[in-house]
Each structure stands twice: as C-alpha cells, then as structure tokens.
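Student: With the input below, show me the fold.
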Amino acid sequence: MIKSKFAISVHILTLLSTSEEEWLSSDYIAGSMNANPALVRKELSALREAGLVESKEGKSGGSRLRKPASRIHMSEIFQAVKEDHVFGFSPNLPNPDCPVGAGINNALDDLFTEIDQTIFNRLKRVTLETFSKNVIALK
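Tutor: Reported below is the predicted structural model:
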C-alpha cells in the first residue's frame, strides 16, 4: 500500500538526512520507527534500487543517503515506492453488460493517472532537506 510505504520511506530517509555521513543500522532506524528491522531492510532495499541510499554490511555497516538531502526530491521517494495508483479500484469486477460497469475502470484509470501526476508535481517542489528541517522544527 503506497500510503504506508511512502510514510515509512520518508521516515527512513529523514532519519538518514540527519546523519548524512554516518552509517545507520536497520536496528537503529527500526527503533526510531518503532518497527521491525526486517521491514526497514525491505524498504531500504527499494530505496537502494531507486538510488537514494547506499548500504554496507558488517559491524560498522548500515545505510546512508547516496546524495545530499538537498538533491533528493520527495517526488523521487514517491516514485520509488509507487506500485500502482494512489487510489485503488473496487475489488469487484464491474458488470461489462452495464453501461456504467463497461467503462468505469477506464474512466477511473484516466482520473487516477491525473491525480498521481498532480501529487508527483507537488512533491517535486519539496526536497528531503526542507522536509527534514520541518520535522526537526515541529518536535
């Protein structure tokens, strides 16, 4: 589900942005999130694939940002975790013999694509650095 994956990834990256030069362990990150380290490792894997973090193994290992927080936009995080539309379709297949049922999913797909693009464009205007500063200021 994109809602939770986005929030989890933003939490991880925000924490990493507060220690850009340090390697943070998945256990440490999980402690901040009050979550299981396995969940953190899974999300870190996706963030590595997206080129947002780098990791190293071993006693002094962990993860850190691959580039400065000032060069990471929230839209990149959104793109990294987005698997489908922000809104989902009904779990029931519409009746193709109904005039509404026959076209509803195509119409929704067009609308959802537009919504996703609007969200992406808004997130392009916010860097991880700006977001992280807001988090620290609000504590």
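Student: and residue 84, how many neighbours?
Tutor: Look at residue 84: counted by other CB atoms under 10 Å, it has 11 neighbours. C-beta: built from backbone N, CA, C; applies to glycine.
Student: would residue 47 count as being in a helix?
Tutor: Yes. Residue 47: assigned to a helix according to DSSP: H, G, I helix; E, B strand; the rest coil.
Student: Could you report the neighbour count for it?
Tutor: Other residues near residue 47 number 25, with proximity taken as other CB under 10 Å.
Student: what does residue 91 give?
Tutor: For residue 91, the neighbour count with other CB under 10 Å is 5.
Student: so it is in which element?
Tutor: Per DSSP states H and E: residue 91 is located in neither a helix nor a strand.
Student: Residue 105 versus that one, what's the distance?
Tutor: Here the criterion is CB to CB, to the nearest Å. By it, residue 91 lies 12 Å from residue 105.
Student: can you check residue 90 too?
Tutor: According to CB to CB, residue 90 and residue 105 sit 8 Å apart.
Student: Between those two, which is the more surrounded one?
Tutor: residue 105 (14 against 9).
Student: Look up the closest residue to the more buried one, ignoring the ones flanking it.
Tutor: In space, residue 105 comes closest to residue 89 once its chain neighbours are excluded; the distance is 6.0 Å by CB to CB, 6 or more residues apart in numbering.
Student: Report whether the expected contact of that neighbour with residue 107 is present.
Tutor: No. With contacts counted by CB atoms under 8 Å, residue 89 stays clear of residue 107, the gap being 11.1 Å.
Student: quick one: which of those two has more around it?
Tutor: Between residue 89 and residue 107, residue 89 has the larger neighbour count (other CB under 10 Å), namely 14 against 10.
Student: Work out for me the element the more buried one sits within.
Tutor: Judged by DSSP H and E, residue 89 forms part of no helix or strand.
Student: Roughly how far does it sit from residue 4?
Tutor: Taking CB to CB as the measure, residue 89 falls 19 Å from residue 4.
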